[in-house]
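Asks: Model the following, please.
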Amino acid sequence: MASSVSSQNLESLWDMPGRGDSPAYVPSGKLEAALNRASQKAMQYEYQMKELEVKLSESLSNFRAIDSLIQESHNGIQRNTRRAERACQTQVAHINGELDESLKVLTDLADTLPSIESQLAEVRVVYDSGREKAKLLVSDLLWLNTEFYERWRRIIFSKSSPVSWRWKAIMRVLFAFSFIIGAYLFWLLIMGAYRAHRHRLVWGEKLMS
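Replies: Alright, predicted model coming up:
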């Protein structure tokens with residue numbers, strides 16, 4: 001490329017018209033300037049060629065690195081694919097067997113679940129009845145450990161006593177009857193004392209007269 005430029009410059013210099021019919025004359029200054037320009041362009045083109053060569057070498061190295069990475073990735077994908085195929089061949093059968101066993105266990109549980117639920121209901125009923133009996137037993141023991149006066153008071157004046165309504169009615173009737181008799185006797189006592197007091201006053205007045 002540099003030689004073609006220099007040859008074109010020289011030809012242009014040689015083709016310049018002369019003075020009259022005399023042969024072409026080329027000044028040495030112009031010839032040197034043309035040669036200098038041609039050499040500078042040649043150096044510039046050589047520098048550009050070197051830069052292009054460096055870029056091409058870098059691109060080639062990058063391409064080789066990318067190619068090696070792609071090759072490694074491809075090899076890894078192939079290895080993983082082979083492993084997945086082996087796993088599918090070996091593990092799928094095992095998983096299917098475990099699923100069949102699980103289905104059998106589930107069917108057995110579905111068959112035995114109603115009987116288990118009925119047994120649980122019976123156990124719950126027994127537990128509830130036992131708990132109620134325990135509560136009644138505890139209340140009876142507490143009732144038996146209370147004093148007679150406290151039991152008598154709770155039977156007559158409260159509804160929380162653990163006795164039957166018949167026994168409560170009998171005790172309340174007896175209490176009312178005894179209260180009436182006591183009130184009547186108290187009334188007779190007061191009247192007797194009053195009468196005795198009056199008779200004593202009367203006899204005292206008679207004695208003084």
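
Asks: now the lengthiest helix in the chain: mean pLDDT?
Replies: Once the chain is assigned using DSSP state H, the helix that runs over the most residues is helix 28-145. Taken as a whole, helix 28-145 has an average pLDDT of 86.

Asks: What degree of burial does Ala42 show, as a neighbour count?
Replies: Using other CB atoms under 10 Å, Ala42 has 15 neighbouring residues. Where C-beta positions appear, they are placed from N, C-alpha and C, glycine not excepted.

Asks: what's the distance between it and Leu56?
Replies: 21 Å (CB to CB, to the nearest Å).

Asks: And for Val126?
Replies: 94 Å.

Asks: same thing with Arg37?
Replies: According to CB to CB, Arg37 stands 28 Å off from Leu56.

Asks: which of those two has more neighbours?
Replies: Between Arg37 and Leu56, Arg37 has the larger neighbour count (other CB under 10 Å), namely 13 against 10.

Asks: Show the pLDDT at Lys206.
Replies: pLDDT for Lys206: 50.

Asks: How about Ser160?
Replies: At Ser160, pLDDT is 68.

Asks: Val163 sits in which helix or strand?
Replies: Counting by DSSP states H and E, no helix or strand carries Val163.

Asks: residues touching the closest residue in space to Trp143 that isn't next to it in sequence, list them.
Replies: Excluding the flanking residues, the one nearest Trp143 by CB to CB, 6 or more residues apart in numbering is Pro162, at 5.2 Å. For Pro162, the contact set (CB atoms under 8 Å, 6 or more residues apart in numbering) comprises 136, 139-140, 143.

Asks: count of neighbours near Ala33?
Replies: Neighbour tally, Ala33, other CB under 10 Å: 13.

Asks: measure it to Ile190 for me?
Replies: Separation of Ala33 from Ile190 (CB to CB): 165 Å.
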